[in-house]
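K.L.:
only geometry, no sequence info:
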């Protein structure tokens, strides 16, 4: 599974993030996936028999290891780094990297540290206070063979976390046919 970290983390690190308006994704077949305001995991669940998460890595990293734009969105706290692969019927669909400030892991949110292979979206979006902001997207390849990613800040009880999601080649976002759940 380190293949995912070796191949895809550098892509996310080098992403040229842009607002969805700059790229004009609204009205495209893939736009609803990138603009999904709620749980991407719940949306994926509708496209397969078995939706699973594989935890690749989870550890605390120092704030200085974050990119400057990540620090601007999260503050100065050290963060819990969580890397996972979301799979539909065993097929890798998304490589995700989540940064959760230590200050977020307090009170009711201390359980975020114990998610293991449970999707973050299942936990976050069951809370009525959950919201998403600072959404940016990037095409990490060319227009002919796109490889889309999005990054957004999630809030639970006014506590932030940052999630970057890279949609892998076999993800439903790239399906040629329109599926009934779009």
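P.N.:
Now that the structure is in, tell me what you want to look at. Quick caveat, the model's predicted, so the values are computed rather than measured.
K.L.:
would you list every one of the strands in this structure?
P.N.:
Along the chain, counting by DSSP state E, strands occupy 51-61, 79-88, 91-101, 131-139, 148-156, 159-167.
K.L.:
export the ones you listed as CSV, with columns for distance to residue 40.
P.N.:
Quick note: C-beta positions are derived from backbone N, CA and C, even for glycine. Shown next, in CSV, are the strands of the chain (distance: least, Cβ to Cβ, whole Å):
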stretch, distance to residue 40
strand 51-61, 11
strand 79-88, 8
strand 91-101, 7
strand 131-139, 10
strand 148-156, 9
strand 159-167, 6
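K.L.:
show me what contacts the nearest residue to residue 168 once chain neighbours are set aside?
P.N.:
Nearest residue to residue 168, sequence neighbours excluded (Cβ to Cβ, 6 or more residues apart in numbering): residue 92, at 5.2 Å. With contacts defined as Cβ atoms under 8 Å, 6 or more residues apart in numbering, residue 92 is in contact with 4, 85, 86, 168, 170.
K.L.:
how close does the last one get to residue 50?
P.N.:
Relative to residue 50, residue 170 is positioned 15 Å away (Cβ to Cβ, to the nearest Å).
K.L.:
with the third one instead?
P.N.:
Taking Cβ to Cβ as the measure, residue 86 falls 12 Å from residue 50.
K.L.:
these two: which has the busier surroundings?
P.N.:
Remark: of residue 86 and residue 50, residue 86 carries more neighbours, 25 against 9, as counted by other Cβ atoms under 10 Å.
K.L.:
that one and residue 137: what is the separation?
P.N.:
Computed as Cβ to Cβ, the residue 86 to residue 137 distance reads 17 Å.
K.L.:
also residue 64?
P.N.:
Residue 64 sits 27 Å away from residue 137, going by Cβ to Cβ.
K.L.:
and these two? Which one has more around it.
P.N.:
Legend: neighbour count by other Cβ under 10 Å for residue 64 and residue 137, higher for residue 137 (24 against 8).
K.L.:
just to check, the more buried one is in contact with residue 34?
P.N.:
Yes - the criterion here is Cβ atoms under 8 Å, and residue 137 meets it with residue 34 at 5.0 Å.
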